[in-house]
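Engineer: Sequence plus the predicted model coming up.
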Amino acid sequence: MRTAPCSPGPVRGDDDAAVATVTRLTEALRRAKKGHDPIEVTDAATALAARIRAHLSRGRVKVTLTNNRFTMISVRRSPRGHGPRSYDVRLHCMFADADPVIARALARYVADNDRDASRVLGDFIDANADAVRGRRRPAAPVLITTGDHHDLRAIFDELNDRYFAGAIDAAITWGQRTGAPRRRASIKMGSYSVEERLIRIHRALDRAFVPRFFVEWIVFHEMLHQVHDIKVRNGRREFHSHAFLEAEASFPRYLEARAWERANLDALLCY
């Protein structure tokens, strides 16, 4: 998302955070080349393997996270009697943020095929079925692309053809209208929802003094979010990786757009 000046994002509840994690990881897996898991997925798998291993007396655990909608758990166990056993575990992404109770149940199931653990895991899978099927969403948002001064559909289609070979699969809309204009502390000029595949552009950009090339840059920025995975560094999500910023800077009028933003920030903040 493109925000100026920067402001903190909303805090999610635990359930929403868990769904967001599953959505983020499954989307990353969907976009990845076969056999090449994104780093955020492998990092989550490594962390989960360590949590499972903590509940085992010995043995090696390797976890692979999947977005398989039919097989939630599968385990390959090395034969007994040949030193410490190894466990090759494939788990659906819903387990990525598993709490200690579920991690312990996974350990017991992985090592011993424990029946009680199997029941605990079955209940967990049932409770998180939305993460597999996709959470029921409210009615699709009404898309408004024709503004008073800028046509978002035309801008999106032109950018998609010119810079993405038509590969961006997303909807686009103007955001909600605001009340009486007043000066604000910040403005979120655009956002991209992974779950909805929806780009929203702030209505404040649909004004006569805002040039088309600047709106194009904001839309281009949001389209890049479907191309570049969200990186995780030191436990924190990095929305704008080095690769993302390099791609953004490839926009032909990037420097001009940045300069225009700086020169007109006060006007943009009055909406």
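Structural biologist: That came in fine, so what should we check first? Residues are numbered from 1 along each chain as shown.

Engineer: Next, please give the residue ranges for the helices of the stretch 101-250 of the chain.
Structural biologist: 115-127, 129-133, 152-163, 212-224, 242-249 (DSSP state H, counting those that start in this stretch).

Engineer: Just tell me which of those helices ends up closest to residue 271.
Structural biologist: helix 212-224 (14.3 Å; C-beta to C-beta). (Glycine included, C-beta is placed from N, CA and C.)

Engineer: Could you check the angle that closest one makes with helix 152-163?
Structural biologist: On the basis of axes from the mean of the first three to the mean of the last three C-alpha atoms, to 10 degrees, helix 212-224 is oriented at 70 degrees to helix 152-163.

Engineer: now helix 212-224, how far from the chain's geometric center?
Structural biologist: On the basis of C-alpha atoms, centre = their mean, to the nearest Å, helix 212-224 sits 19 Å off its chain's mean C-alpha point.

Engineer: just checking, what packs against it?
Structural biologist: strand 2-4, helix 152-163, strand 187-193, strand 198-201, helix 242-249, helix 254-268 (3 or more C-beta pairs under 8 Å, 6 or more residues apart in numbering; DSSP states H and E).

Engineer: could those be laid out in JSON lines, adding mean pLDDT?
Structural biologist: Formatted as JSON lines, the helices and strands packed on helix 212-224 follow (pLDDT from 0 to 100):
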{"stretch": "strand 2-4", "mean pLDDT": "62"}
{"stretch": "helix 152-163", "mean pLDDT": "94"}
{"stretch": "strand 187-193", "mean pLDDT": "90"}
{"stretch": "strand 198-201", "mean pLDDT": "94"}
{"stretch": "helix 242-249", "mean pLDDT": "93"}
{"stretch": "helix 254-268", "mean pLDDT": "95"}
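
Engineer: pLDDT below threshold where in the chain?
Structural biologist: For the chain, the stretches with pLDDT under 70 are 1-18, 33-35, 130-140, 231-237.

Engineer: give me every residue that touches residue 182.
Structural biologist: 270, 271 (C-beta atoms under 8 Å, 6 or more residues apart in numbering).

Engineer: sorry, that was for residue 269
Structural biologist: Residue 269 touches 183, 184, 185, 186, 187, counting by C-beta under 8 Å, 6+ apart.

Engineer: Among the helices and strands packed on helix 212-224, which comes closest to residue 228?
Structural biologist: Closest among the helices and strands packed on helix 212-224, once you apply C-beta to C-beta, is helix 242-249, at 4.3 Å.

Engineer: CA atoms only for the closest one - export them in CSV, please.
Structural biologist: The C-alpha trace of helix 242-249 is given here as CSV (Å, rounded to 0.1, in the frame of the first residue of the first chain):
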residue,chain,number,x,y,z
HIS,A,242,14.3,-4.5,-2.2
ALA,A,243,13.0,-6.3,-5.3
PHE,A,244,9.6,-4.6,-4.9
LEU,A,245,11.2,-1.1,-4.6
GLU,A,246,13.5,-1.8,-7.6
ALA,A,247,10.4,-2.8,-9.6
GLU,A,248,8.5,0.3,-8.5
ALA,A,249,11.4,2.5,-9.5
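
Engineer: Now find how far off-centre stretch 150-170 is within its chain.
Structural biologist: For stretch 150-170 - counting by C-alpha atoms, centre = their mean - the centre lies 21 Å from the chain centre.

Engineer: Mind listing residues that contact it?
Structural biologist: In contact with stretch 150-170 (C-beta under 8 Å, 6+ apart) are residues 145-146, 172-174, 192, 197-199, 201, 205-206, 210, 212, 215-216, 219-220, 223, 226-227.

Engineer: related to what we said a few turns ago, quick one: which of the contacts of residue 269 is nearest to residue 54?
Structural biologist: residue 186 (42.1 Å).

Engineer: coming back round to it: can you list the helices and strands packed on helix 212-224 in a markdown table and add mean neighbour count and distance to residue 114?
Structural biologist: Shown next, in a markdown table, are the helices and strands packed on helix 212-224 (neighbours: other C-beta atoms under 10 Å; distance: least, C-beta to C-beta, whole Å):
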| stretch | mean neighbour count | distance to residue 114 |
| --- | --- | --- |
| strand 2-4 | 16 | 48 |
| helix 152-163 | 16 | 51 |
| strand 187-193 | 20 | 40 |
| strand 198-201 | 22 | 43 |
| helix 242-249 | 14 | 43 |
| helix 254-268 | 14 | 57 |
